[in-house]
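> sequence first, predicted coordinates after that:
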Amino acid sequence: MKATVFGTGYVGLVTAACLADVGHDIVCIDVDEERIETLRRGKVPIFEPGLQELVASNAQAGRLRFSTNTPIGVRFADLFFIAVGTPPREDGSADLTNIFSVARTIGEHIDCYKIVVDKSTVPVGTASLVEGTIQQAMRARGADHRFDVCSNPEFLKEGSAIEDFTKPARIIVGTDSETVRKTLQDCYAPYNRNHDKLISMDVRSAELTKYAANAMLATKISFMNELANIAERLGADIEDVRKGIGSDPRIGYQFIYPGCGYGGSCLPKDMRALAHAARDAGFTAELLETVERVNNAQKHTLFHKLEQAFDGDLRGRRIALWGLAFKPNTDDMREAPSRVLMEELWEAGANVAAFDPEAMGEAHRHYGNRPMLIFASSPQEAAKGADALAVCTEWKQFRIADFGWLKANLRNPVIVDGRNLYDPAQVRRHGLLYYAIGRGEPA
Ligand code: NAD
């Protein structure tokens with residue numbers, strides 16, 4: 001099948017590469033010329049395990065092409081995937097400018113029946129707005145062609161995006177058209193062999209399903225963070241509590257790790273957009289708004305622990321930071337807890353020596369001109385001579401630490417662990433003060 005994918009970010013590029021890999025003929029369109037130029041040179045501008053190889057082999061085989069020329073993209077195929085960004089507006093609602101821009105281009109160049117598949121995360125009702133935008137642009141030039149707009153939200157996770165796309169737990173298709181359902185069934189068939197994972201529903205329910213999934217995940221995290229804060233005050237260990245409750249199959253072990261807050265490009269923005277949409281519909285989503293508030297507060301927890309360790313005065317201190325990405329196996333720093341911590345530390349007059357296995361480029365992009373940020377080339381370089389070590393991301397590289405070395409090389413024996421990576425007793429045996437999340441006072 002031929003398909004055009006609009007947007008070459010985490011979702012668009014993974015979708016395009018995985019579809020090309022099973023033999024579909026794909027053109028990727030992006031408005032970012034530099035990004036398209038990079039892709040044409042065979043380089044992937046984001047870090048996602050396996051993506052570089054997948055893009056290179058399919059581009060070489062001629063099944064994956066890149067362009068900034070949107071009209072070409074519209075004429076190339078009869079199946080379009082929209083995977084452009086839907087960032088948050090100031091008021092929390094989703095900014096749909098990019099979506100409507102693609103819709104207008106489609107309307108301006110549509111020349112026969114097309115299926116428009118929305119993969120971006122968009123508020124309920126967006127498909128009909130997209131339909132209206134295409135109609136308007138098409139009619140403005142006196143054309144009249146049939147098309148369908150459907151919702152096919154994406155559930156991949158950064159860091160395991162290819163695995164998630166190629167082995168989906170479900171493929172949600174929101175449409176009332178049998179043609180659309182059948183087309184997507186055929187398109188995804190190579191990744192839908194084991195048992196039928198396609199769940200079809202009306203378009204509004206499909207749009208809401210994506211937000212509902214993220215809201216559930218965010219709620220689990222904030223719930224655990226709240227419990228961790230309680231455990232800390234009551235002298236209990238949240239890690240034991242986590243194992244204790246996870247063993248109940250109704251609860252399960254997944255996604256119940258306490259920490260320094262959720263970040264990334266999805267959970268925070270989708271929580272705000274859903275709460276905003278609810279408010280617009282005359283309903284206050286008390287739980288969702290609280291989940292987000294709890295998370296925002298949690299992002300300050302490492303800073304408060306550092307303040308506590310240094311009697312409220314961090315001026316002139318140097319803090320080593322392990323992990324900048326919002327989670328392991330990605331370079332994405334959007335809404336990462338590390339950013340809140342760094343910005344608070346700078347505000348308090350402290351310097352940061354940071355290391356991340358993949359996100360150093362992103363850190364340069366965001367904070368390259370900050371004099372109070374040192375870009376370390378290894379975890380050890382970051383920690384050597386620092387007053388304390390803070391851990392923000394649970395990269396594999398950080399899961400085993402040489403506490404003897406840290407004790408000898410940190411200027412003060414302080415570790416603040418936002419991911420509960422270490423055994424408190426073991427860390428403390430080395431004479432280090434260990435502040436974790438919900439695991440009692442450092443002793
Ligand atoms: P991204 O920011 O990584 O990439 C978006 C791309 O769209 C950029 O390259 C941008 O230049 C391009 N773009 C913007 N306007 C365009 C236009 N008019 N035409 C063509 N290209 C255009 O975004 P992402 O992380 O891939 O997310 C895309 C959507 O998918 C969002 O709605 C997001 O919420 C959703 N989503 C993201 C993830 C994730 O893990 N990142 C997972 C599931 C769903």
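Here it is on my side, so go on. Quick caveat, the model's predicted, so the values are computed rather than measured. Numbers count the residues shown, from 1 in each chain.
> how much space between P249 and K220?
15 Å (Cβ to Cβ, to the nearest Å). In this view, the C-beta of every residue, glycine as well, is placed from N, C-alpha and C.
> which of the two has more neighbours?
The residue with more neighbours, out of P249 and K220, is K220; 18 against 7, by other Cβ atoms under 10 Å.
> quick one: that one from I251, how far?
For K220, the distance to I251 - Cβ to Cβ - is 9 Å.
> over to L314?
Counting by Cβ to Cβ, the separation of L314 from I251 is 38 Å.
> one more: T8?
For T8, the distance to I251 equals 38 Å [Cβ to Cβ].
> when these two are compared, which one has more neighbours?
Each of T8 and I251 has its neighbours counted (other Cβ under 10 Å); T8 has more, 28 against 13.
> now do the SS call for that one.
coil (DSSP: H, G, I helix; E, B strand; the rest coil).
> what does I415 give?
strand.
> helix or strand for the nearest residue to Q135 once chain neighbours are set aside, which one?
Excluding its sequence neighbours, the residue lying closest to Q135 (Cβ to Cβ, 6 or more residues apart in numbering) is G107, at 6.9 Å. Using DSSP states H and E, G107 falls within helix 97-109.
> buried residues in that helix?
N98, I99, F100, V102, A103, R104, T105, I106, G107, E108, H109 (16 or more other Cβ atoms under 10 Å).
> same question for stretch 215-232.
Going by neighbour count (16+ other Cβ under 10 Å), the buried part of stretch 215-232 is 215, 217-222, 224-229, 231-232.
> hang on, I199 in a helix?
No. Using three-state DSSP, the assignment for I199 is strand, not a helix.
> that one - how many residues pack around it?
Applying other Cβ under 10 Å, we find 13 residues neighbouring I199.
> and it, what is it in contact with?
I199 sits next to R170, I171, I172, V173 when contact means Cβ atoms under 8 Å, 6 or more residues apart in numbering.
> quick one: buried ones out of those residues?
I171, I172, V173.
> wait, the first one sits on S151?
Which is I171. No. Between I171 and S151 there is no contact under Cβ atoms under 8 Å: 11.7 Å.
> up against the ligand, what does the stretch 151-300 of the chain have?
For the stretch 151-300 of the chain, the contact set with the ligand under Cβ under 6 Å from any ligand atom comprises E154, L156, E158, S265, C266.
> show me where the stretch 251-400 of the chain has its helices.
267-280, 286-298, 301-309, 337-347, 360-367, 379-383, 396-399 (DSSP state H, counting those that start in this stretch).
> can you redo the ones you listed as CSV with mean neighbour count and mean pLDDT?
Listed next are these as CSV, based on neighbours: other Cβ atoms under 10 Å; pLDDT from 0 to 100:
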stretch, mean neighbour count, mean pLDDT
helix 267-280, 21, 97
helix 286-298, 18, 98
helix 301-309, 21, 98
helix 337-347, 21, 98
helix 360-367, 17, 96
helix 379-383, 20, 98
helix 396-399, 15, 97
